[in-house]
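*Asks:* Fold the following, please.
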Amino acid sequence: MSNQTLQFLVHPQEKFQNNMNIIGITSSLPNNIEIVPFEYESKKCSIKRHITSWNQTASDLGYNAAKRLIDNVFPSEMKEQIGILIFISRTPDFRSPNTAGILQHRLGLGQDCICYDVNLGSNGFLVGLKLLEDVLDSSNANYGMLIIGDTLSKFVSESQLINITSDSATAILAENSKNSSNIFEFRVKNFTDNFQTFISPFGGFRDFTSLKEFESDKNYTLLLDESKLVEILNSIDAKEYLNYNSEETNTLSTFECKYFYKRIETHSMELNVVYGNADIPIQLESEFGVNNSERMRFNLISVGEGIQIVKVQIELNKSTFLSTEFTNDVYDNFEVNHEM
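*Replies:* Numbers count the residues shown, from 1 in each chain. Prediction:
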């Protein structure tokens, strides 16, 4: 193991002087379910996969989650105090304009709301929390909203992992607060020299060779070299990296981490669900559902495209979570067309 990696792993924990208080988190899943065969460590089981209809997008799921948060937290006349809206997705409505701007209009937020789109997938929730915190800290907005969503069922992939992952979205509402903090540690480790290991290579302009190729169905291809990713992750001390020393803090990770670090508990014919971008938020909701504590601290870990590994330590209240909801709603005023 390189000295650089060791330094990253044992770096002393820092208390972040942040000014963000998370006041609401909820997720949305499509109603439609398909059962997908899944084989892991020579065990065979089935996975419940929530999939969107052809005209339902990640922003539709995100809108459902965001609107429920707003309706539960704000009187209608206070919505315009949300001055920041960040939308993180691999599957936006369009290449341009940004989907955050469309969601700002749909949610009825103020015209002075700062709207950002960010191209991230599996690390969207953890990176998005830090991004929202930083933007809130540098703005005069009272509140900010983060929406993370993907519809991986619309990708074509040979990866077993991609093909069992549900479409999902999560919304997070936070206030600009000088007296509280949620994030206590944020760490990133990049292995971007291996970026082609986990990539959606088409539809951009690096591979732009002809109009015919640009418009082909392979624009929706998502490639994941699972054996290469295992090799990359095993180049560090996986046990030390995934486990914090604190016995008082729960460690949760995305399904990708469990999958590649061989930590999934599967049983023959058992039906599990892989929630995609909502993996960690729904796990957090479940932890509070089976625990009597009103406030808990968690270590959260994700691995995503790039290759990038993210670690966050966060403290949250039970009252922060609204129950996950299922929806087939689409944008009524403008039906998104996925045909090129």
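*Asks:* Give me the below-cutoff pLDDT ranges for this protein.
*Replies:* Applying pLDDT under 70 to the chain picks out residues 1-18, 179-180, 207-220, 235-250, 257, 259-272, 290, 332-340.
*Asks:* Try it again at 50.
*Replies:* Along the chain, segments meeting pLDDT under 50 span 1-16, 211-216, 238-239, 266-269, 336-340.
*Asks:* how about the helix ranked longest in it: buried residues?
*Replies:* Ranked by number of residues, the top helix in the chain under DSSP state H is helix 58-73. With burial defined by 16 or more other CB atoms under 10 Å, the residues of helix 58-73 counted as buried are 58-70, 73. Where you see a C-beta, it was placed from the backbone N, CA and C, and this is true even at glycine.
*Asks:* give the contact list for residue 312.
*Replies:* 126, 129-130, 183, 185-187, 299-301 (CB atoms under 8 Å, 6 or more residues apart in numbering).
*Asks:* Restrict the helix or strand hosting it to CA atoms and write it as PDB.
*Replies:* Using DSSP states H and E, residue 312 maps to strand 308-317. Extracted C-alpha coordinates of strand 308-317, given in PDB (Å, rounded to 0.1, in the frame of the first residue of the first chain):
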ATOM      1  CA  GLN A 308     -14.300   7.700  -6.700                       C
ATOM      2  CA  ILE A 309     -14.800   6.600  -3.100                       C
ATOM      3  CA  VAL A 310     -16.500   8.900  -0.600                       C
ATOM      4  CA  LYS A 311     -16.700   8.700   3.100                       C
ATOM      5  CA  VAL A 312     -18.900  10.900   5.300                       C
ATOM      6  CA  GLN A 313     -19.700  11.000   9.000                       C
ATOM      7  CA  ILE A 314     -23.000  12.500   9.700                       C
ATOM      8  CA  GLU A 315     -25.400  13.000  12.600                       C
ATOM      9  CA  LEU A 316     -29.200  13.100  12.000                       C
ATOM     10  CA  ASN A 317     -32.500  13.300  13.900                       C
END
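*Asks:* hey, where'd the helices end up in this structure?
*Replies:* 3-10, 58-73, 99-107, 124-137, 211-214, 226-233, 238-242, 255-260, 279-290.
*Asks:* buried sites along the last one?
*Replies:* In this case it means helix 279-290. Those would be 279-285, 287-288, for helix 279-290 by 16+ other CB under 10 Å.
*Asks:* Compute the inter-axis angle for that helix and strand 308-317.
*Replies:* With axes from the mean of the first three to the mean of the last three CA atoms, to 10 degrees defining the directions, helix 279-290 sits at 30 degrees from strand 308-317.
*Asks:* same check, this time on the second one
*Replies:* What separates the directions of helix 58-73 and strand 308-317 is an angle of 20 degrees, with the same axes, to 10 degrees.
*Asks:* Show me the contact partners of helix 58-73.
*Replies:* By CB under 8 Å, 6+ apart, helix 58-73 touches 23-30, 52, 79, 82, 87, 89, 91-93, 99, 102-103, 106-107, 145, 147-151, 167-171, 173, 322, 325, 327, 329-331.
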